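**Student:** next one to model:
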Amino acid sequence: MEQNAKLPDILGEGGLFGFSGMDGETKTASGFIATWGSGFSLLFHTARRRTLSVELGTQAEVVYVTGDACKIATPAGNFTAAYTAWHTIVGCLPEGAGLQLQFEDGTDCDEMSDGLRVTRDSKTGDCIVLRLSGERYAVCYGSTIGEAADRAAEGIGIAAIWIRYCGSGCGHWRKPRICRMQVISGCSANASV
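**Tutor:** Alright, predicted model coming up:
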């Protein structure tokens, strides 16, 4: 498996995973901040908590995990995840991997006709959605289903840029012109879009 001596590779239950604010505003009051759970699951601390379960198989190995990005290697490829904004996580799934979004109490999400998976808190109205597109995915928060769905559609596009410019050699999301993890990880994706 791949090693990265410059970034932490210890993932533990309760570890924080959230948007750092280096690249934009934060809104911690939304609760769209996660902690790592058992295995590779994330628990979102919204008013009605949700989980994102990541199924990677038994041979998964953490390459790196920071407060807002991670890369986990499997024999089938890499699982990657990064916060690109306070309301959006994007990433890529290796072949055979699975993602499941549900409420913490086990209530499943609703699946819309276009494949969008939705959890909506009936008391607060907030939504977390999961959009899959091939190997790419986006998990987004919104005050309405429409807002979260629009963010997820945009997130899928960000994941496409991530694949195109950083690919399997890096796995970091990047804004046009520079990968935000370039200095730390040696990403060479610095050409303009």
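**Student:** contacts, neighbours, all on C-alpha from now
**Tutor:** OK.
**Student:** what residue ranges in the chain are flagged as low confidence?
**Tutor:** By pLDDT under 70, the low-scoring segments of the chain are 1-5, 160-193.
**Student:** ranges for the helices of it?
**Tutor:** Counting by DSSP state H, the chain has these helices, from start to end: 145-170, 182-185.
**Student:** gap between the most far-flung residue of the chain relative to its centre and Trp36?
**Tutor:** The centre of the chain is farthest from one residue, Lys123, which by Cα atoms, centre = their mean lies 25.3 Å away. From Lys123 across to Trp36, the span is 25 Å (Cα to Cα, to the nearest Å).
**Student:** burial measure for Ser41, as a count.
**Tutor:** By the criterion of other Cα atoms under 10 Å, Ser41 has 19 neighbours.
**Student:** excluding sequence neighbours, find me the nearest residue to it.
**Tutor:** For Ser41, ignoring the flanking residues on the chain, the nearest one in space by Cα to Cα, 6 or more residues apart in numbering is Ser53 at 4.3 Å.
**Student:** got a list of what that neighbour touches?
**Tutor:** Contacts for Ser53 (Cα atoms under 8 Å, 6 or more residues apart in numbering) come out as 40-42, 98-101.
**Student:** mind checking how far Asp110 is from Asp68?
**Tutor:** 27 Å.
**Student:** just grab the bridge partners of the residue nearest to Ser41 for me.
**Tutor:** Counting by DSSP bridges, Ser53 is bridged to Gln100.
**Student:** higher neighbour count, Asp110 and Asp68?
**Tutor:** More crowded of Asp110 and Asp68, by other Cα under 10 Å: Asp68, with 19 against 15.
**Student:** what is the biggest strand by length in the chain packed up against?
**Tutor:** Assignment by DSSP state E gives strand 77-85 as the longest strand of the chain. Counting contacts by 3 or more Cα pairs under 8 Å, 6 or more residues apart in numbering; DSSP states H and E, strand 77-85 packs against strand 69-74, strand 88-92.
**Student:** give me that answer again for 10 Å
**Tutor:** strand 61-65, strand 69-74, strand 88-92, strand 136-142, helix 145-170, strand 174-175 (3 or more Cα pairs under 10 Å, 6 or more residues apart in numbering; DSSP states H and E).
**Student:** tell me the most buried of these?
**Tutor:** Comparing the helices and strands packed on strand 77-85 by mean neighbour count (mean count of other Cα atoms under 10 Å), strand 88-92 comes out on top with a mean of 28.
**Student:** so how far is that one from its chain's centroid?
**Tutor:** Strand 88-92 has its C-alpha centroid displaced from the chain centroid by 4 Å (Cα atoms, centre = their mean, to the nearest Å).
**Student:** got it, and stretch 50-60?
**Tutor:** 12 Å.
**Student:** do stretch 151-162 as well
**Tutor:** 11 Å.
**Student:** ditto for stretch 124-134
**Tutor:** 12 Å.
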